[in-house]
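Undergrad: Return atomic coordinates for the entry below.
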Amino acid sequence: MSTTQSERLRALLEPLVSSQGLDLEEIEVDSVGRKRVLRVVVDSDTGADLDRIADVSRALSAKLDETDAMGEGEYTLEVGTPGAERLLKEHRHYVRAVDRLVKFELAEGGELVARILKVDDDGLDLEVPGVKGRRATSRRLAFPEIEKARVQVEFNRKDKKEEEA
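TA: Residues are numbered from 1 along each chain as shown. I've put the predicted structure just below:
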């Protein structure tokens with residue numbers, strides 16, 4: 001998708017998404033043969049349930065139908081959330097990932113897997129899990145030290161409520 005089209009779509013759709021109490025995270029147009037798919041990723045601090053996604057999808061569809069933002073050809077509109085292993089790019093993404101396990105690619109090289117405990121304007125307070133029976137350690141990571149960060153899926157994590165019981 002051209003930058004111009006991306007910017008036009010964002011300018012057109014972002015106010016509608018915001019009016020639904022959601023953040024517009026990503027816009028992507030894919031072409032497969034003659035078919036085009038417009039993917040819109042939305043989220044909020046409290047998440048986005050199916051009803052909210054359906055509401056925003058209807059609003060976006062109506063707005064796109066009344067404009068020529070997608071051109072004359074047919075396309076499919078897909079509206080969804082970032083998914084379980086989301087890439088963290090914005091400050092709000094890190095805030096939403098508090099208590100989650102994240103894999104960091106560090107700017108200086110190397111990787112770190114740690115749980116986000118706290119986020120402020122300068123960086124993150126982390127808990128680095130202990131290895132081979134060792135205790136977890138604390139670490140501070142400033143945003144400039146992070147090249148890339150992605151939430152990790154945890155299948156065996158106990159809920160805090162279970163741990164406190």
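Undergrad: which residues of the protein fall in strands?
TA: 23-32, 35-43, 76-80, 101-106, 111-119, 123-128, 137-142, 146-151 (DSSP state E).
Undergrad: can you tell which of these is closest to Leu9?
TA: strand 23-32 (5.2 Å; CB to CB). Every C-beta, even on glycine, is put in place using the N, C-alpha and C of the backbone.
Undergrad: tell me which residues of the closest one are tucked away?
TA: Using 16 or more other CB atoms under 10 Å as the test for burial, strand 23-32 gives Asp23, Leu24, Glu25, Glu26, Ile27.
Undergrad: for stretch 61-76, same thing?
TA: Neighbour count says stretch 61-76 has Leu64, Met70 buried, by 16+ other CB under 10 Å.
Undergrad: Can you list the low-confidence ranges for this protein?
TA: For the chain, applying pLDDT under 70 flags the ranges 1-3, 157-165.
Undergrad: so what's the residue nearest to the spatial centre of it up against?
TA: Geometric centre of the chain, nearest residue: Pro82, 4.4 Å, by CA atoms, centre = their mean. Pro82 is in contact with Glu25, Glu26, Val41, Asp43, counting by CB atoms under 8 Å, 6 or more residues apart in numbering.
Undergrad: at 6 Å instead, please
TA: Contact partners of Pro82, counting by CB atoms under 6 Å, 6 or more residues apart in numbering, are Glu25, Val41, Asp43.
Undergrad: The residue lying closest to Thr67 once chain neighbours are set aside: neighbour count?
TA: The shortest distance from Thr67 to any non-neighbouring residue, by CB to CB, 6 or more residues apart in numbering, is to Leu12 (6.5 Å). The tally of other residues near Leu12 (other CB atoms under 10 Å) stands at 16.
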